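>>> just need the structure, nothing else, for what follows:
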Amino acid sequence: MDSAITSAGAELLATQTQQRQRDALVLLLAVLLTLVAILGFDAIPEERFEVQSTPQSPALLTFTPLPGVKATGEWLDDTHRRLRCHYPKGTDDPSYNCSINYFFGSGPGHGIDLSKYTRVDVQVVYKGDVPKLRLFARNFDARYSKTEDSNSTKYNAVFLPTKDLKHPVSLKLQEFTVAEWWQLMYKIPRELGQPDLSNVVSVGIDFSYPMTAGDHDLEVQHIAFVRPLLTRETWYLGILCAWLIGIFIYALAQLRLYRAQSSKLRREANRYRTLATTDPLTHALNRHGFEQRWERQQADAFAQPDQALALLMVDVDHFKRINDSRGHDTGDRVLRQLVALMHKQLRSTDWLARWGGEEFAILLPSVRPGHAPVLAETIRKAIASAAFEPDLVVTVSIGVALRRAGEDVDSLFKRADEALYKAKEAGRNQVVSADQDTVG
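Predicted coordinates:
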């Protein structure tokens, strides 16, 4: 045992040296990464949500039908990004609309949160003479939007003067307003009439009344919602927080390491003690472990009012046949599974020990007298119905004995053994109580 402890101490010393070397390397790496992070702020890209690249379905062209006109809107190419809207001469329709729509989201009523973005970049090519276009974002809100009525989604929009469209246009999200006609149509209360881009289901550009007569060609080249990933202040604060967290984690790690080192030798000693009291095959107590535990606790300490101490002796039926016909490896697997099955039926306070090759002892402290045979029968049935190996049925015989007043452990074991012997004589796969008739 002393040599084992000395070996563990040398191992701890080597571990400490390696840990100090790792700590120095980690600290050097952290300093280098901090310098890179400070100098690399300007290289952080912006976050962009590209409307054309993430639609739920192909772009949709919608338009208001007009008398005598086959279609007031049409696609001009196969990419569905270039369209023509017609507004015949002499037409005066306040409800006229011609638009391109991009739909996205995970399903009806489930859109994308665009409220976190700060601006939207728009680049279009327009041929015509209307003074303005509209960029719109339709937002679904269950308080007033219906999946069967696409027009019930909130109409957030911002006007785009066509004279500004020769170059890309950047718009702040604060420029969006809610269309008055939409609020009146759906009788939206004032408190719900503010712009909302938290659940956008579609984005697009449209022509609206008043219109000028003629053909109007529109090519949407680019619509992107943009925001900075981080401000400089947030970036530097993040670096500081990373250092504070790193220091905190390092302190915790050192504390854990100290505790681990202080308990290493104790764990090693406990491990050797465990090996001396535990069956290496099944990990149940061995006989020495059972007897050692019994010596540390007086038998009378188990007793409580209206309760007793019970002993179950369990023996595997025809176990030699299993070893002879299937091999000792199969026999070992059977014993391990057998112990696992018995543990499932026992309390944490019960003792399970491997008493011999295929014989086990189960001590039940503070148990109701009538419960011990019932538990033994439950264990027997669980084992008899378990699948151990293909075409292999395993059964056990169990003897049960309740400790009598003043009875010593040897006498208790003797009576449990005698009950076990009767169970085997009765044909095996039986439970026999030393104080009652056969249970099952």
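
>>> quick check: what element follows the lengthiest strand in the chain along the chain?
Across the chain, the longest stretch assigned as strand under DSSP state E is strand 214-228. Once the chain leaves strand 214-228, the next helix or strand it forms, by DSSP states H and E, is helix 232-277.

>>> check which helices and strands that next one is in contact with.
With contacts taken as 3 or more Cβ pairs under 8 Å, 6 or more residues apart in numbering; DSSP states H and E, helix 232-277 sits against helix 2-39, helix 287-296. From N, CA and C alone the C-beta is placed, and that goes for glycine too.

>>> Throw those into a markdown table and include mean neighbour count, mean pLDDT and distance to Gln221, thanks.
Formatted as a markdown table, the entries for the helices and strands packed on helix 232-277 read as follows, by neighbours: other Cβ atoms under 10 Å; pLDDT from 0 to 100; distance: least, Cβ to Cβ, whole Å:
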| stretch | mean neighbour count | mean pLDDT | distance to Gln221 |
| --- | --- | --- | --- |
| helix 2-39 | 11 | 75 | 35 |
| helix 287-296 | 14 | 84 | 80 |
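
>>> show me where pLDDT drops low in the stretch 201-350 of the chain?
265-266, 268-275, 297-305 (pLDDT under 70).

>>> cutoff 50 now
Residue ranges of the stretch 201-350 of the chain with pLDDT under 50: 299-300.

>>> would you turn the helices and strands packed on helix 232-277 into TSV with distance to Ile362?
Listed next are these as TSV, based on distance: least, Cβ to Cβ, whole Å:
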stretch	distance to Ile362
helix 2-39	32
helix 287-296	10
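
>>> which one of those helices lies closest to Val201?
Nearest to Val201 among these is helix 2-39 (38.1 Å), distances taken as Cβ to Cβ.

>>> can you name the element that comes right after the closest one?
Beyond helix 2-39 on the C-terminal side, the first helix or strand identified by DSSP H and E is strand 46-50.

>>> that next one to strand 214-228, inter-axis angle?
150 degrees (axes from the mean of the first three to the mean of the last three Cα atoms, to 10 degrees).

>>> from the contact counts, what lies against strand 46-50?
Judged by 3+ Cβ pairs under 8 Å, 6+ apart, the packing partners of strand 46-50 are strand 214-228.

>>> next, the buried residues of the strand it packs on.
Of all the residues in strand 214-228, those buried under the rule 16 or more other Cβ atoms under 10 Å are His216, Leu218, Glu219, Val220, Ile223, Ala224, Phe225, Val226.

>>> of those, which is the nearest to Leu60?
Of all these, Leu60 sits closest to Val220, with 12.3 Å by Cβ to Cβ.

>>> ok, that closest one - contacts?
Listed by Cβ atoms under 8 Å, 6 or more residues apart in numbering, the contact set of Val220 reads Gln52, Ala59, Arg81, Arg82, Ile100, Val124, Ile205.

>>> quick check: the farthest pair among the residues you listed?
Ala59 and Val124 (13.1 Å).

>>> next, count neighbours for Leu114.
Leu114 has 22 neighbours, counted by other Cβ atoms under 10 Å.

>>> wouldn't it be in contact with Phe225 here?
Yes: counting by Cβ atoms under 8 Å, Leu114 does reach Phe225; the two are 5.2 Å apart.

>>> so what sits against both of those two?
Shared contacts of Leu114 and Phe225, counting by Cβ under 8 Å, 6+ apart, come down to Phe49, Leu173.

>>> and the strands in the stretch 251-400 of the chain?
308-316, 351-354, 359-367, 396-402 (DSSP state E, counting those that start in this stretch).

>>> mean neighbour count, those strands: which tops it?
strand 396-402 (a mean of 26; mean count of other Cβ atoms under 10 Å).

>>> what does the average pLDDT come to for that one?
What strand 396-402 shows for mean pLDDT is 96.

>>> can I get the CA coordinates of that strand in CSV?
The C-alpha coordinates for strand 396-402 follow below in CSV (Å, rounded to 0.1, in the frame of the first residue of the first chain):
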residue,chain,number,x,y,z
VAL,A,396,-32.6,-19.3,-9.5
SER,A,397,-33.6,-20.9,-6.3
ILE,A,398,-34.0,-18.6,-3.3
GLY,A,399,-34.1,-19.3,0.4
VAL,A,400,-35.5,-16.6,2.8
ALA,A,401,-35.0,-16.2,6.5
LEU,A,402,-36.1,-13.5,8.9
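
>>> and the angle for it with strand 308-316?
Strand 396-402 runs at 160 degrees relative to strand 308-316, counting by the same axes, to 10 degrees.

>>> now for strand 396-402, which elements pack on it?
The contact analysis (3+ Cβ pairs under 8 Å, 6+ apart) places strand 396-402 against strand 308-316, helix 371-384, helix 409-425, strand 431-433.

>>> turn the ones you listed into a markdown table, including distance to Arg232.
Formatted as a markdown table, these follow (distance: least, Cβ to Cβ, whole Å):
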| stretch | distance to Arg232 |
| --- | --- |
| strand 308-316 | 73 |
| helix 371-384 | 67 |
| helix 409-425 | 77 |
| strand 431-433 | 78 |
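
>>> mind checking which of those is nearest Leu33?
The nearest among these, by Cβ to Cβ, is helix 371-384 at 57.5 Å.

>>> which residues does that closest one contact?
Taking Cβ under 8 Å, 6+ apart as the rule, helix 371-384 contacts 308, 310, 312, 314, 338, 341-342, 344-345, 364, 367, 393-396, 398, 400, 402, 429-431, 433, 436, 439-440.

>>> ok, Lys172 to Gly111 distance?
The gap separating Lys172 from Gly111 is 21 Å, by Cβ to Cβ, to the nearest Å.

>>> which residues in the stretch 101-250 of the chain form helices?
Using DSSP state H, counting those that start in this stretch, the helices of the stretch 101-250 of the chain run over residues 180-185, 232-277.

>>> now the angle from the longest one to strand 214-228?
The reference is to helix 232-277. Going by the same axes, to 10 degrees, helix 232-277 makes 60 degrees with strand 214-228.
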